[in-house]
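Student: Need the 3D shape of this:
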Amino acid sequence: MAWDLQLEGATGDLVFSPAHDYAGVSGEEILRQRISIRCKIPRGTYLYDETGQLGSTLHLIPRSPSVGQIQGAEAAVMEALAPMSDEINIISVDVEKTEDNKLQVNVNFTPVLSDPDVPIFDTTPDADVDAVSVTVF
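Tutor: Okay, here's the model as predicted:
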């Protein structure tokens with residue numbers, strides 16, 4: 001089964017278990033964490049990403065409120081998550097402004113069964129859609 005270190009959602013800090021060891025994440029939660037990381041990292045800034053596909057261009061979107069800002073955010077998220085197409089099916093990307101003038105990006109997705117290390121999920125059309133919420137800026 002796939003496993004990774006658990007990161008705190010807002011800060012990206014490592015999470016520690018009650019036993020004072022690093023906490024881990026697996027199953028559906030690992031997909032949520034991977035989506036969040038891809039949206040938050042500026043594309044091209046991760047040193048060990050030789051292909052330049054990790055991250056998004058959300059940081060390049062103008063911070064002044066506009067319709068183009070929301071459309072640009074949707075396109076940036078779709079581009080950032082394209083390399084995960086063998087892991088997730090994106091149902092929708094919803095972008096809204098928060099009260100403190102930040103962008104809230106909600107990614108609704110269903111997992112794809114292709115990796116033998118990833119546990120089996122119910123992917124029938126009636127299956128629940130998972131969601132990830134990421135605050136930008």
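Student: in this structure, which helix or strand is least confident?
Tutor: When each helix and strand of the chain is scored by mean pLDDT, DSSP states H and E, strand 130-136 comes last, with a mean of 75.
Student: Please enumerate the helices of this structure.
Tutor: With helices called from DSSP state H, the chain shows them at 28-40, 67-81.
Student: Give me the outermost residue of the protein relative to its centroid.
Tutor: For the chain, the residue at maximal distance from the C-alpha centroid (CA atoms, centre = their mean) is Ala19, at 27.8 Å.
Student: pLDDT wise, what is it at?
Tutor: Predicted confidence (pLDDT) for Ala19: 94.
Student: check contacts around the most centrally placed residue in the chain.
Tutor: Closest to where the C-alpha atoms of the chain average out (CA atoms, centre = their mean) is Ile35, at 1.7 Å. By CB atoms under 8 Å, 6 or more residues apart in numbering, the residues touching Ile35 are Leu81, Met84, Ile88, Val107, Phe109, Val132, Val134. For glycine as for every other residue, the C-beta is placed from the backbone atoms N, C-alpha and C.
Student: Repeat that for Val95.
Tutor: For Val95, counting by CB under 8 Å, 6+ apart, the contacting residues are Ile70, Ala73, Glu74, Val77, Leu103, Gln104, Val105, Asn106.
Student: same check, this time on Leu103
Tutor: Neighbour list for Leu103: Leu58, Ile61, Gln69, Ile70, Ala73, Val95, Glu96, Lys97, Thr135, Val136, Phe137 [criterion: CB under 8 Å, 6+ apart].
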